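S.K.: Mind looking at a prediction? Sequence and model below.
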Amino acid sequence: DAGITQSPRHKVTETGTPVTLRCHQTENHRYMYWYRQDPGHGLRLIHYSYGVKDTDKGEVSDGYSVSRSKTEDFLLTLESATSSQTSVYFCAIAGAGGGYNSPLHFGNGTRLTVT
Amino acid sequence: AQKVTQAQTEISVVEKEDVTLDCVYETRDTTYYLFWYKQPPSGELVFLIRRNSFDEQNEISGRYSWNFQKSTSSFNFTITASQVVDSAVYFCALSLNAGNNRKLIWGLGTSLAVNP
């Protein structure tokens, strides 16, 4: 199994508070991704990173920011959480090589509830 | 348009039945990759198989088999002699080259329930 750890696994927070989710990998892979999964919408890309300090937006990036100061860590921050950000968040890394032919390997997910 | 359609939202079968999960994709790219993932009730997403656009050989892995037909833009997944442990949501995804990254287009998934 790919060494990907997400923390926390579950979080309940109040509207308006900042929240940071962490993804840690032990594979030394270049590409990392944050997705959210919602019923009826499937998996949607929030942000991705293609190296240390190199990040870019996905299709649903509004309200989210990311940082990658080390190869192994990719942080997702909700600056001011809203109820629409209640979701399951998945971190993923691209397999060796990282090209579009590489499968993604996912962490176990973080279930975030914004009340 | 670039799209992945999994028309079957939910399927319910009895154990030992064979079941086929459909995946139809759209793209004008000539080179692309297709993937299947499994999401069991525990929630993790597990990679099952990758297929590139130039390889139309069918793939078999135990009770699982995949049929890729470029002519119909389909990449269907068959489970033979289904088991309760096969109960999961299955996702099909299309991966396209997008310069510095990939464009990964996901289907909405098919929820498979295998009943004893």
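M.R.: It's in.

S.K.: Which pLDDT value goes with B:Ala1?
M.R.: Listed pLDDT for B:Ala1 reads 86.

S.K.: Let me know how buried B:Leu96 is, in neighbour terms.
M.R.: For B:Leu96, the neighbour count with other C-beta atoms under 10 Å in any protein chain shown is 18. In this view, the C-beta of every residue, glycine as well, is placed from N, C-alpha and C.

S.K.: now do B:Ala98
M.R.: 10.

S.K.: Quick check: chain neighbours aside, which residue is closest to it?
M.R.: The spatially closest residue to B:Ala98, leaving aside those adjacent along the chain, is A:Tyr100, at 7.1 Å (C-beta to C-beta, 6 or more residues apart in numbering or on different chains).

S.K.: For the one you found, which residues are in contact?
M.R.: B:32-33, B:95-98, B:101-104 (C-beta atoms under 8 Å, 6 or more residues apart in numbering or on different chains).

S.K.: List the residues that contact the residue of chain B positioned farthest from its centre.
M.R.: No residue in chain B sits farther from the centre than B:Asn100, which is 25.4 Å out by C-alpha atoms, centre = their mean. For B:Asn100, the contact set (C-beta under 8 Å, 6+ apart) comprises A:50, A:56.

S.K.: Distance of it relative to A:Leu76?
M.R.: Distance from B:Asn100 to A:Leu76, counting by C-beta to C-beta, to the nearest Å: 20 Å.

S.K.: Same question for A:Val19.
M.R.: For A:Val19, the distance to A:Leu76 - C-beta to C-beta - is 9 Å.

S.K.: When these two are compared, which one has more neighbours?
M.R.: A:Leu76 (23 against 20).

S.K.: how many neighbours does the closest residue to chain A within chain B have?
M.R.: Residue of chain B nearest chain A, by C-beta to the nearest C-beta: B:Arg102 (3.5 Å). For B:Arg102, the count of nearby residues is 24 (other C-beta under 10 Å).

S.K.: ditto for A:Thr17
M.R.: 12.

S.K.: Indicate the residue of chain A located nearest to chain B.
M.R.: A:Tyr100 (3.5 Å).

S.K.: Helix, strand, or coil at that residue?
M.R.: coil (DSSP: H, G, I helix; E, B strand; the rest coil).

S.K.: State the distance from it to B:Leu96.
M.R.: Taking C-beta to C-beta, one finds A:Tyr100 at 6 Å from B:Leu96.

S.K.: Give the residues shared as contacts by the two.
M.R.: B:32, B:102-104.

S.K.: could you redo these as a markdown table and give each row secondary structure and distance to A:Arg44?
M.R.: Listed next are the shared contacts of A:Tyr100 and B:Leu96 as a markdown table, based on DSSP: H, G, I helix; E, B strand; the rest coil; distance: C-beta to C-beta, whole Å:
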| residue | secondary structure | distance to A:Arg44 |
| --- | --- | --- |
| B:Tyr32 | coil | 20 |
| B:Arg102 | strand | 15 |
| B:Lys103 | strand | 13 |
| B:Leu104 | strand | 10 |
